[in-house]
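Asker: What follows is a predicted structure for the sequence shown.
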Amino acid sequence: MAYLSVAPKRIDTEAILEQGAKQDLSTGVLSLNTVLQCAAIGVIVGLAMTVLSVYIIRAYGAALFFATPFAIGVITALRARKLGACSLRQVFAISSLSIIVIGAALLLFAFEGVICLVMALPLAGVVALFGAFFGYHFAPRRNRLPLGGAPLGAFCLIALCALEPLSFSATERVFEVRSSIDISAPPEEVWNHVVGFSEIPDTPGWALRMGIAYPVRARIEGSGVGAVRHCEFSTGPFVEPITVWDPPNVLGFSVQSQPPPMTEISPYRNLHPPHLDGTIRSQRGEFRLTRLATSVKYPRGGTHLEGSTWYTLKIYPQGYWRLWADLAIHTIHNRVLRHVRNLAEGGGAKSSQINRLDALLSAGGRPPEG
């Protein structure tokens with residue numbers, strides 16, 4: 001202690017250099033060449049992981065939507081700090097540029113369509129910004145940046161992508177989407193339009209016009225449990241064997257086969273990314289009709305009509321993608337429910353007779369004379 005009190009003071013050169021580096025980083029400006037170089041590294045990582053995850057391992061999981069954007073943010077931040085003084089805002093801009101270029105490349109090379117890229121962009125963009133923040137604040141000093149960590153990081157990313165499918169639960173979680181509407185018509189009349197309905201004349205909303213499959217018409221072959229309902233969508237028919245037949249209260253059905261959930265918007269014809277096959281699958285559906293009391297609003301009696309769809313989702317994180325799936329299914333439900341309401345309230349008995357006649361002809365019967 002006595003010696004240290006009289007010994008010459010040692011200057012902490014490393015602390016001074018670190019403080020100077022922080023000052024430089026807060027005011028520096030990267031050149032265009034440096035920005036493009038840093039963004040290009042992120043693009044290479046993103047495209048490589050997309051090919052590995054989607055087309056080799058065939059897994060849409062956390063490795064693709066979480067680990068990869070985070071790694072892009074970290075890598076671009078580390079590279080930017082090594083090549084020159086930069087600010088956090090510049091690092092954010094470089095990471096965002098990498099994500100945008102990756103999306104454009106996937107569209108250009110026919111890997112994905114516009115709809116799925118738009119849905120994935122908010123998730124990937126936010127995670128990449130977190131990665132950039134981490135890389136900017138926790139990276140070593142730019143004059144001593146170790147490059148040996150890159151192979152280890154790449155190995156961890158690839159290992160996570162390869163091992164992730166093993167952690168997926170063998171029992172798929174089933175989600176329910178329920179929509180409802182009130183109709184000024186008795187359940188006996190509404191029932192006929194639920195079992196089968198004529199072509200929906202309404203123009204699809206903007207979300208459906210973007211490519212999401214939407215219902216066009218429905219018909220049924222036979223009646224009772226065992227009959228087969230065909231609900232035709234813009235991308236093809238749903239084949240739905242009837243499992244519950246309780247007129248005019250409940251109509252339940254399973255889904256035997258279904259068309260693609262969407263038609264991708266792309267410069268190329270017939271684009272069919274892997275996620276269109278089995279990523280989202282309808283398991284069953286149900287219509288429930290509840291009688292409403294006669295009132296001024298419902299002079300003939302009313303019906304509270306509920307439509308439910310149960311589906312599975314094999315894309316992760318499910319919490320994020322379920323938001324999009326629920327929104328799409330609600331939009332599809334509302335299109336059908338509004339059409340049933342219009343038929344029941346406006347078509348009356350004549351529309352009911354037409355639907356029953358269509359069902360009879362579909363089943364191979366003969367129409368009654370007169």
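Answerer: Nice, thanks for sending it over.

Asker: Who are the contact partners of Leu83?
Answerer: Contacts for Leu83 (Cβ atoms under 8 Å, 6 or more residues apart in numbering) come out as Leu30, Thr34, Gln37, Cys38. (Each C-beta comes from the backbone N, C-alpha and C, glycine too.)

Asker: can you put the residues you listed in a markdown table and add distance to Ile94, pLDDT and neighbour count?
Answerer: Listed next are the contacts of Leu83 as a markdown table, based on distance: Cβ to Cβ, whole Å; pLDDT from 0 to 100; neighbours: other Cβ atoms under 10 Å:
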| residue | distance to Ile94 | pLDDT | neighbour count |
| --- | --- | --- | --- |
| Leu30 | 8 | 71 | 21 |
| Thr34 | 9 | 85 | 18 |
| Gln37 | 10 | 89 | 16 |
| Cys38 | 5 | 90 | 28 |
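
Asker: now the closest residue to Gln318 other than its chain neighbours: how far from Gln283?
Answerer: Closest residue in space to Gln318, ignoring its immediate chain neighbours: Arg173 at 7.1 Å, by Cβ to Cβ, 6 or more residues apart in numbering. Separation of Arg173 from Gln283 (Cβ to Cβ, to the nearest Å): 11 Å.

Asker: Now do the shared contacts for these two.
Answerer: Taking Cβ under 8 Å, 6+ apart as the contact rule, Arg173 and Gln283 both touch Thr312.

Asker: who's more crowded, the two?
Answerer: Gln283 (15 against 10; other Cβ atoms under 10 Å).

Asker: what's the pLDDT at Cys161?
Answerer: You'll see Cys161 listed with a pLDDT of 79.

Asker: show me the contacts for it.
Answerer: Met49, Leu52, Ser53, Ile57, Ala59, Gly61, Ala63, Leu64, Ala67.

Asker: which SSE is the nearest residue to the second one once chain neighbours are set aside in?
Answerer: With sequence-adjacent residues excluded and distances taken as Cβ to Cβ, 6+ apart, Leu52 is closest to Cys161, at 5.8 Å. Per DSSP states H and E: Cys161 is located in helix 149-167.

Asker: Next, the buried residues of that helix.
Answerer: Leu157, Ile158, Leu160, Cys161, Glu164 (16 or more other Cβ atoms under 10 Å).

Asker: Same check on stretch 322-333?
Answerer: Those would be Arg322, Trp324, Ala325, Asp326, Ala328, Ile329, His330, Thr331, Ile332, His333, for stretch 322-333 by 16+ other Cβ under 10 Å.

Asker: Distance of the residue minimising distance to the centre of the chain relative to Val216?
Answerer: Per Cα atoms, centre = their mean, the C-alpha nearest to the average position across the chain is that of Trp321, at 4.0 Å. Trp321 sits 26 Å away from Val216, going by Cβ to Cβ.

Asker: quick one: Arg229 and Pro215 touch, right?
Answerer: No: between Arg229 and Pro215 there is no contact under Cβ atoms under 8 Å: 11.8 Å.

Asker: got the phi/psi numbers for Phe109?
Answerer: The phi/psi pair for Phe109 (degrees, to the nearest 10) reads phi -100, psi 20.

Asker: ok, back up a step: how about CSV for the buried residues of stretch 322-333, with distance to Glu345 added?
Answerer: Shown next, in CSV, are those (distance: Cβ to Cβ, whole Å):
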residue, distance to Glu345
Arg322, 33
Trp324, 32
Ala325, 30
Asp326, 28
Ala328, 26
Ile329, 24
His330, 22
Thr331, 21
Ile332, 21
His333, 18
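
Asker: Show only the entries of those found in helices.
Answerer: Among these, the members found in helices (DSSP state H) are Arg322, Trp324, Ala325, Asp326, Ala328, Ile329, His330, Thr331, Ile332, His333.

Asker: List the residues that contact the second one.
Answerer: When the contact criterion is Cβ under 8 Å, 6+ apart, the partners of Trp324 are Met119.

Asker: And the chain, what are its domain boundaries?
Answerer: Following the assignment in automatic domain parsing, the chain carries domains at 19-167, 174-362.

Asker: How far off centre is the first one?
Answerer: Going back to what we said before, that points to domain 19-167. 22 Å (Cα atoms, centre = their mean, to the nearest Å).

Asker: thinking again about what came up before, any idea how far the residue nearest to the centre of the chain is from Glu188?
Answerer: Distance from Trp321 to Glu188, by Cβ to Cβ: 40 Å.

Asker: ok, the contacts of Leu83 vs Thr76, which is closest?
Answerer: Among the contacts of Leu83, Cys38 lies closest to Thr76 (Cβ to Cβ), at 4.8 Å.

Asker: Need the phi and psi values for the closest one.
Answerer: Residue torsions, per degrees, to the nearest 10, at Cys38 are phi -70, psi -40.

Asker: when you check the contacts of Leu83 against the helices, which ones overlap?
Answerer: Cross-referencing those against helices under DSSP H gives Thr34, Gln37, Cys38.

Asker: Tell me where the protein has strands.
Answerer: Here the chain has its strands, by DSSP state E, at 174-183, 215-221, 228-233, 236-246, 250-254, 280-292, 302-313.
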